[in-house]
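Engineer: any chance you could fold what I've pasted below:
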Amino acid sequence: MTMSYEQARDRLLDAALNHVAFDGWSEETFRAAVADTGLDAGFARAICPRGAVDLALAYHARGDAAMLERLASEDLSDLRFRDRIAAAVRFRLEAVTDKEAVRRGASLFALPVYAADGAKAIWGTCDAIWTALGDTSEDVNWYTKRATLSAVYSSTVLYWLGDQSPEHQATWEFLDRRIDNVMQFEKFKADIRKNPLLKPLLAGPNWLAQQMRAPRRGDDLPGSLG
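Structural biologist: Numbering: from 1, shown residues only. Modelled structure (predicted):
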């Protein structure tokens, strides 16, 4: 039976997870996964040109998919929007099947050579959350929402990795505090924009912000001006 790239990658990822706790997302882990699955080494390398780095990203994407599936099945309509955001972040962390794999991934993507991959993965998670929750912004708010949530999500993950409280209760309290901080900052920004004394100073930045447009799905570029 012919195996698709996606099926083969899933098999490699499942096998790699048995080794990540000991060897991290490393070449040793990738080679062990290839050996465990019995896949041809050339075929495995074609699927994951960067070896375990690509498997680490696949593991992150698997968590995103599980989060989206849960979001689609849960009724969040009675929650305030800030609580829907908190629920989505919590669902994403609860989708993790191997905490040590995330810890090792955090170490991997902290390396300068892979930092851009890590940032892109986090941005993708936050974009998926906003999109699933019905965000329709088309201007600079598209970027600020995702950038702000990326900061909240990243700090929450780091806190969660060290959290030993029952059922990670301390993490969820930390998450609520971070979202409260964001809401306070948004209120501060709104007050600044309403201040008539500051309007002349903000004219230029406001004009530039109005020119920004959210990327169209499928575009290679992150966005556009005008």
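Engineer: quick one, domains of this structure?
Structural biologist: Domain segmentation of the chain under automatic domain parsing yields 1-49, 64-225.
Engineer: wait, which of the ones you listed is closest to Leu55?
Structural biologist: Judged by C-beta to C-beta, the one of the domains of the chain that comes nearest to Leu55 is domain 1-49, at 5.0 Å. Where you see a C-beta, it was placed from the backbone N, CA and C, and this is true even at glycine.
Engineer: where does this structure dip in pLDDT?
Structural biologist: Along the chain, the parts satisfying pLDDT under 70 run over 1, 185-214, 216-226.
Engineer: at 80 what do you get?
Structural biologist: Judged by pLDDT under 80, the chain has its weakly predicted residues at 1-3, 139-140, 183-226.
Engineer: what segments of it are strands?
Structural biologist: Remark: strands assigned in the chain by DSSP state E are 212-213, 224-225.
Engineer: re earlier: dump the domains of the chain to CSV, plus mean neighbour count.
Structural biologist: What follows is these, written out as CSV (neighbours: other C-beta atoms under 10 Å):
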stretch, mean neighbour count
domain 1-49, 16
domain 64-225, 15
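Engineer: tabulate these (a markdown table), appending distance to Ala56.
Structural biologist: A markdown table is the format used below for the domains of the chain (distance: least, C-beta to C-beta, whole Å):
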| stretch | distance to Ala56 |
| --- | --- |
| domain 1-49 | 4 |
| domain 64-225 | 5 |
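Engineer: which one of those domains lies closest to Ala58?
Structural biologist: Comparing the domains of the chain against Ala58 with C-beta to C-beta, the closest turns out to be domain 1-49 (5.2 Å).
Engineer: show me what contacts Val20?
Structural biologist: Applying C-beta atoms under 8 Å, 6 or more residues apart in numbering, we find Val20 in contact with Thr29, Ala52, Asp98, Glu100, Ala101, Arg104.
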